[in-house]
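Enquirer: need the 3D shape of this:
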Amino acid sequence: MTRLQIAGGRVLFRNQIRNLSVVVDDGRIAAIDPAAGHGLPGLDARDLLVLPGIIDIHGDAFERQMMPRPGVDFPIDVALAESDRQAIGNGITTVFHAATWSWEPGLRSGENAELLLCAIEAMRPQLAADTRFHLRHETYNLDAEATIRQWIADGRIDLLAFNDHTDSTVANLDKPHKRSRMVERAGVTDAHFDRLVADVVSRGHEVPGSVARLAEAARAAGLTMLSHDDDTPELRRAFRAQGVTIAEFPVNEETAREASQGGDFIVFGAPNVVRGGSHTGWTRASDMIAKGLCSILASDYYYPAQLLAAFRLVADGVLPLPEAWALISAGPAAATGLTDRGELVEGHRADIVLVDDEIPQRPRVVAVVSGGRLVHLTEGERLFGAIPAQHDALAMT
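Expert: Residues are numbered from 1 along each chain as shown. A predicted model of the protein is given here:
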């Protein structure tokens, strides 16, 4: 693998921004030093920030590539390749695709979840981002339990989240716009959807036992677990007791505070920061960050959001850049046990993003190195020496 240097940039190193050069060798960071890499080919990073690659532990924007309009499907391999290009172009070098396996047919069916998993496994070597599988298990999807336990035993799942959208689904049946969206996504008739919901609700008494068995299997496999949309401190404590260490999108401050006091990782959506609040009217992420009640920002449904959110937090005076960037790099790395990334450290995997921050709230990704490969470049004049193109994702405009 080609050795290269990233020369003369403003490097985020040991929680400070410093004028340094970075040497990459055999997919790893070999050196970080003002004079490192002299004579090697590489990238001129003058006037750019040099930052750790972004880690996205919860992103489902790939669903738009699979079904850009209700009832309009595209092949999963095509959708996955396009999602990879979008993630890399926004500085995301490790991505956990959050696939929902619900009791619904259609987009969030078991068939689609398995197709996505198989596509990730088959396409990993050709994707620019380190691509992983985050299974969002709808807890009322009881018939899926045996298959999920087998996937856990086979080591095919990288993160397991417990979701329960049953109450909101039932509540939305009487809201024409939301009802039509759910029915279209499932690809069934209104009457069929109503029968599905009624059948699912009738089995509610079976859910706690199923969750306990899946959590036990995950603990035995050393699999990191998340709980989604916890709305009470009691619910968060119950999940923590089962080894679920990450609270995803806690609905209110009381629950987020319980998660923090219990030593849990806390995830909020980066779009919430960028837009100035939740689109559902729930907790305002920037307020939680200011109170120390957030350790991770995820792309959620929009890949550009993590990059934009970090710089929005700086512009708004909520956090300095090193701390804001940790929410999308070191924080998610720690939560998921990825000890070889999240910071620019000698020996770590070489996941590096070069960012033009001339316009404070409109950061622009200029180059991305993922696993030591130059996979994205928008300014070809920054190349010096001879670096062969190492990936199909390498783009110059």
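Enquirer: neighbours of residue 180, how many?
Expert: Per other C-beta atoms under 10 Å, the neighbour tally for residue 180 reads 13. Yep, even glycine has a C-beta here, placed from its N, CA and C like the rest.
Enquirer: after the helix or strand where it lies, next one along is what?
Expert: Assigned by DSSP states H and E, residue 180 belongs to helix 176-186. Using DSSP H and E, the helix or strand that follows helix 176-186 in sequence is helix 190-202.
Enquirer: buried stuff in the helix or strand following that following helix?
Expert: Next helix or strand after helix 190-202 toward the C-terminus (DSSP H and E): helix 207-221. Buried residues in helix 207-221, counted by 16 or more other C-beta atoms under 10 Å: 207, 210, 211, 214, 215, 217, 218.
Enquirer: thinking again about what came up before, now the helix holding residue 180 - C-alpha only, CSV.
Expert: Written as CSV, here are the backbone C-alpha positions of helix 176-186 (Å, rounded to 0.1, in the frame of the first residue of the first chain):
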residue,chain,number,x,y,z
PRO,A,176,-54.4,10.4,7.2
HIS,A,177,-51.0,11.7,6.0
LYS,A,178,-49.0,9.5,8.4
ARG,A,179,-51.2,6.5,7.8
SER,A,180,-50.8,6.7,4.1
ARG,A,181,-47.0,6.9,4.4
MET,A,182,-46.9,3.8,6.6
VAL,A,183,-49.2,1.9,4.2
GLU,A,184,-47.3,2.9,1.1
ARG,A,185,-44.0,1.9,2.7
ALA,A,186,-45.4,-1.5,3.6
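Enquirer: so what secondary structure elements neighbour it?
Expert: helix 166-172, helix 190-202 (3 or more C-beta pairs under 8 Å, 6 or more residues apart in numbering; DSSP states H and E).
Enquirer: what would those look like in JSON lines with mean pLDDT?
Expert: Shown next, in JSON lines, are the helices and strands packed on helix 176-186 (pLDDT from 0 to 100):
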{"stretch": "helix 166-172", "mean pLDDT": "78"}
{"stretch": "helix 190-202", "mean pLDDT": "86"}
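Enquirer: for those, give me a markdown table that also has mean neighbour count and distance to residue 286.
Expert: Shown next, in a markdown table, are these (neighbours: other C-beta atoms under 10 Å; distance: least, C-beta to C-beta, whole Å):
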| stretch | mean neighbour count | distance to residue 286 |
| --- | --- | --- |
| helix 166-172 | 15 | 24 |
| helix 190-202 | 14 | 35 |
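Enquirer: adding distance to residue 352, write the ones you listed out as JSON lines.
Expert: As requested, the helices and strands packed on helix 176-186 are exported to JSON lines (distance: least, C-beta to C-beta, whole Å):
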{"stretch": "helix 166-172", "distance to residue 352": "40"}
{"stretch": "helix 190-202", "distance to residue 352": "46"}
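Enquirer: quick one, which of those gets closest to residue 229.
Expert: Residue 229 lies closest to helix 166-172 among the helices and strands packed on helix 176-186, at 8.8 Å (C-beta to C-beta).
Enquirer: pull the distance from the closest one to the chain's centre.
Expert: The chain centroid and the centroid of helix 166-172 are separated by 26 Å under C-alpha atoms, centre = their mean, to the nearest Å.
Enquirer: buried sites along the strand or helix carrying residue 149?
Expert: Assessed by DSSP H and E, residue 149 sits inside helix 145-153. Of the residues in helix 145-153, 145, 148, 149, 151, 152 count as buried by neighbour count, 16+ other C-beta under 10 Å.
Enquirer: got JSON lines for these, with pLDDT and distance to residue 176 too?
Expert: Conversion of these to JSON lines gives the following (pLDDT from 0 to 100; distance: C-beta to C-beta, whole Å):
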{"residue": "145", "pLDDT": "97", "distance to residue 176": "33"}
{"residue": "148", "pLDDT": "98", "distance to residue 176": "34"}
{"residue": "149", "pLDDT": "98", "distance to residue 176": "38"}
{"residue": "151", "pLDDT": "98", "distance to residue 176": "37"}
{"residue": "152", "pLDDT": "98", "distance to residue 176": "39"}
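Enquirer: relative to residue 326, which of these is nearest.
Expert: residue 152 (29.6 Å).
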